[in-house]
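Chemist: got a sequence here, can you build the structure:
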Amino acid sequence: MIVDFEGELFRWQARTDAWYFVALPEPLSLDVREVPRLGRGFGSVPVQASIGGSSWRTSIFPDAERGTYVLPIKRAVREAEAISEGDAVPVHLDVLDG
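Modeler: Reported below is the predicted structural model:
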């Protein structure tokens, strides 16, 4: 499943670290949930993500608070693409069979 969407970069504060994510749209999250796959840690789903000229492999994770999957955006990508909290981020996502 290959999709393009735009989402707002948000910060999630853990105990000592801050993590940054973009939430997938609700309809897309529902489509991802419907695909049968083997269980993985924390309900994660492997993906190939691209933002601008940056591309990387990671996983999306279910976020019970939002009711959607969220894509973690690592610091190297945020810096390379000059994005920060609150920015609208265009994402190209290839959801892998994993």
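
Chemist: just want the phi and psi numbers for Val32.
Modeler: phi -60, psi -40 (degrees, to the nearest 10).

Chemist: next, count neighbours for it.
Modeler: Each residue near Val32 was counted by other C-beta atoms under 10 Å, and the total is 20. C-beta here means a position set from N, CA and C on the backbone, and glycine is covered the same way.

Chemist: was I right to think Ser84 contacts Ile73?
Modeler: No: counting by C-beta atoms under 8 Å, Ser84 sits too far from Ile73 to count as a contact (10.3 Å).

Chemist: can you tell me how far the residue most central in space within the chain sits from Pro27?
Modeler: Among the residues of the chain, the one closest to the centroid is Leu71, at 1.2 Å (C-alpha atoms, centre = their mean). According to C-beta to C-beta, to the nearest Å, Leu71 and Pro27 sit 16 Å apart.

Chemist: what's the answer for Gly53, then?
Modeler: 27 Å.

Chemist: thinking again about what came up before, what pairs with the helix or strand the residue nearest to the centre of the chain falls within, and is each one parallel or antiparallel?
Modeler: Leu71 is part of strand 68-72 when elements are defined by DSSP states H and E. Looking at strand 68-72 with DSSP bridges, its partner strands are strand 18-23 (antiparallel), strand 54-63 (antiparallel).

Chemist: starting at the chain centroid, how far to the shortest one?
Modeler: The one in question is strand 18-23. 8 Å (C-alpha atoms, centre = their mean, to the nearest Å).

Chemist: out of the strands paired with strand 68-72, deepest packed?
Modeler: Greatest average neighbour count among these goes to strand 18-23 (a mean of 18), per mean count of other C-beta atoms under 10 Å.

Chemist: re the thing from before, out of the strands paired with strand 68-72, which gets nearest to Phe5?
Modeler: Judged by C-beta to C-beta, the one of the strands paired with strand 68-72 that comes nearest to Phe5 is strand 18-23, at 8.5 Å.

Chemist: ok so, going back, how about the strands paired with strand 68-72 in TSV, adding mean pLDDT?
Modeler: Converted to TSV, the strands paired with strand 68-72 look like this (pLDDT from 0 to 100):
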stretch	mean pLDDT
strand 18-23	92
strand 54-63	94
